[in-house]
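Trainee: Coordinates for the following, if possible.
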Amino acid sequence: MTRFIVVRHGQTRWNVEKRVQGQEDSPLTEEGLRQAEAVAKRLAREHFDVLVSSDLGRALQTAAPIARVCGLEIVRDARLRERHFGEGEGMLYDEIDRRWPDAFSRIRETDPDAVIPGGETRRQFHERVHRAFESLVREYAGKRVAVVTHGGVLAALYRMVHSIPVGRPHKIAISNASYNAIAFAADAWSVETWDDVSHLPGAAPFVES
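Mentor: Modelled structure (predicted):
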């Protein structure tokens, strides 16, 4: 069995402002920094062979305390970046949904091949995430891997494991700094734990919409 503990980055300024980050970046808030320390403290109780992170700043900020407490170097992996939203990055969620409804919404049936200029389609993004985890499971077969990434990546991973079509509306819990356990064994993926925020006192789970 190859086991992945996948962590979404801590809260960022643009999360609070409800802006689409994509492959642009904003720093962790004070709350986000506390979340990163809390999830690091939880992961310190487990053994990991490797720590892999998206190379975007908010993921690396979250991975840093995990690396410190687990005694691991951070392996940066650009394949684990958030979806590229092109011209929509930095816009409010409501603004981008009004301008490009098929390219973004997850609460109604959408065209998975619609694209925001300069960005990725949902299908392209999901295929990238699938290829990334298929590669990681080959590279680290039989090991325990901690991964720090983004909400969109987690949502794509959840859909992959549960065979949910990319264009079908389906709300998925993807809280900041959540603990998500995914396993690969006997040529099949399974979810062991999803959106566990028990290490974050008072946390209210976030559901994508």
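Trainee: Can you name the residues bridging to the closest residue to residue 72 other than its chain neighbours?
Mentor: Nearest residue to residue 72, sequence neighbours excluded (CB to CB, 6 or more residues apart in numbering): residue 51, at 4.2 Å. Backbone N, C-alpha and C define where each C-beta goes, glycine included. Under DSSP bridges, the beta-bridge partners of residue 51 are residue 74, residue 146.
Trainee: and residue 51, what is it in contact with?
Mentor: By CB atoms under 8 Å, 6 or more residues apart in numbering, the contact list for residue 51 reads 63, 66-67, 70, 72-75, 145-148.
Trainee: CSV for these, including neighbour count and distance to residue 128?
Mentor: Below are the contacts of residue 51 laid out as CSV (neighbours: other CB atoms under 10 Å; distance: CB to CB, whole Å):
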residue, neighbour count, distance to residue 128
63, 28, 20
66, 25, 23
67, 18, 24
70, 19, 27
72, 17, 24
73, 9, 24
74, 18, 20
75, 17, 17
145, 21, 18
146, 25, 20
147, 28, 15
148, 32, 17
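Trainee: Which of these sits closest to residue 126?
Mentor: residue 147 (16.6 Å; CB to CB).
Trainee: Centroid-nearest residue for the chain?
Mentor: Central residue of the chain (CA atoms, centre = their mean): residue 150, 2.6 Å from the mean position.
Trainee: Look up how far residue 70 lies from it.
Mentor: 20 Å (CB to CB, to the nearest Å).
Trainee: returning to that earlier point: not counting its neighbours along the chain, what's nearest the residue nearest to the centre of the chain?
Mentor: Nearest non-adjacent residue to residue 150, counting by CB to CB, 6+ apart: residue 82, 3.9 Å away.
Trainee: Quick one: list the elements packing against the strand or helix carrying residue 183.
Mentor: In this structure, residue 183 sits in strand 179-185 according to DSSP states H and E. Here strand 179-185 touches strand 2-8, helix 30-43, helix 151-162, strand 188-196, going by 3 or more CB pairs under 8 Å, 6 or more residues apart in numbering; DSSP states H and E.
Trainee: Export the ones you listed as TSV, with columns for mean neighbour count.
Mentor: Formatted as TSV, the helices and strands packed on strand 179-185 follow (neighbours: other CB atoms under 10 Å):
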stretch	mean neighbour count
strand 2-8	24
helix 30-43	20
helix 151-162	22
strand 188-196	15
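Trainee: how about the ones you listed in CSV, adding distance to residue 88?
Mentor: Shown next, in CSV, are these (distance: least, CB to CB, whole Å):
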stretch, distance to residue 88
strand 2-8, 20
helix 30-43, 22
helix 151-162, 13
strand 188-196, 25
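Trainee: Just send these back as TSV, with mean pLDDT and distance to residue 97 too.
Mentor: Formatted as TSV, these follow (pLDDT from 0 to 100; distance: least, CB to CB, whole Å):
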stretch	mean pLDDT	distance to residue 97
strand 2-8	98	21
helix 30-43	97	24
helix 151-162	96	15
strand 188-196	97	23
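Trainee: Among those, which comes closest to residue 89?
Mentor: Relative to residue 89, the nearest member of the helices and strands packed on strand 179-185 by CB to CB is helix 151-162, separated by 12.3 Å.
Trainee: just the angle between that closest one and strand 188-196, please?
Mentor: Put simply, helix 151-162 runs at 140 degrees to strand 188-196, going by axes from the mean of the first three to the mean of the last three CA atoms, to 10 degrees.
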